[in-house]
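Student: Pasting a predicted model and its sequence here:
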Amino acid sequence: MLKVLIADEDLEANSTCCQYLANDKNLDVMSTSSGINTLNKYHKIHPNILVINSDFKDKRYTEIINELSSTSKERKNCNIILTVKDNTEKLELDFMAKIYKLFYCPLDYKI
C-alpha cells in the first residue's frame, strides 16, 4: 500500500483531493493543512508521495521542499507532486529533482 500525504491549506481542495484518492484501495491517504504540519507528518510517516500546494501562509513551499531534500536519500526520491494555484506564479525550485509533476489548479479529477 502506498502512503500519500496531501498538503493544502485550502481545506475544501484538500478534502476533495483526499476523497478522490481514497477511492483507490491501494492508497493510504493522509492530509495536512500547514507547512509546519506537513514537515512534521512527512518525517513521521515517510509517505511514498507528497501532493503539496504552493500556497501556505506559515512556510513557503520552497522551504518545505528544500528541508525535505536535506538528506541525500530524500533528495533522490522524486516523490513530490506540486500544485500551483496561479499559472503566472514564478516558481523557485532549488531541488527540482524531488518534484515529479506540476499541476495548475483547479485540478481536473476526470483525467
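Tutor: Arrived safely, thanks for sending. Residues are numbered from 1 along each chain as shown.
Student: CA atoms for contacts and neighbours, from now on please.
Tutor: Fine.
Student: What are the boundaries of the helices in this structure?
Tutor: Secondary structure of the chain (DSSP state H): helices at 11-22, 35-45, 61-68, 72-76.
Student: most packed of those helices?
Tutor: Greatest average neighbour count among the helices of the chain goes to helix 61-68 (a mean of 17), per mean count of other Cα atoms under 10 Å.
Student: in terms of contact count, name the helices or strands touching that helix.
Tutor: helix 35-45 (3 or more Cα pairs under 8 Å, 6 or more residues apart in numbering; DSSP states H and E).
Student: For the helix it packs on, which helices and strands make contact with it?
Tutor: Other helices and strands packing on helix 35-45, by 3+ Cα pairs under 8 Å, 6+ apart, are strand 2-7, helix 61-68.
Student: what's the angle between the shortest one and helix 11-22?
Tutor: Between strand 2-7 and helix 11-22, the angle formed by their directions is 170 degrees, by axes from the mean of the first three to the mean of the last three Cα atoms, to 10 degrees.
Student: So Gln19 versus Arg75, what's the distance?
Tutor: 29 Å (Cα to Cα, to the nearest Å).
Student: should've said Leu107
Tutor: Here the criterion is Cα to Cα. By it, Leu107 lies 26 Å from Arg75.
Student: Tyr42 too?
Tutor: Applying Cα to Cα to Tyr42 and Arg75 gives a distance of 14 Å.
Student: cool, Asp55 as well?
Tutor: 22 Å.
Student: Tell me which residues touch Ser31, please.
Tutor: Ser31 makes contact with 5-8, 14, 18, according to Cα atoms under 8 Å, 6 or more residues apart in numbering.
Student: Now mean pLDDT and distance to Ser31 too, for the helices and strands packed on helix 35-45, in a markdown table please.
Tutor: Below are these laid out as a markdown table (pLDDT from 0 to 100; distance: least, Cα to Cα, whole Å):
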| stretch | mean pLDDT | distance to Ser31 |
| --- | --- | --- |
| strand 2-7 | 97 | 4 |
| helix 61-68 | 90 | 15 |
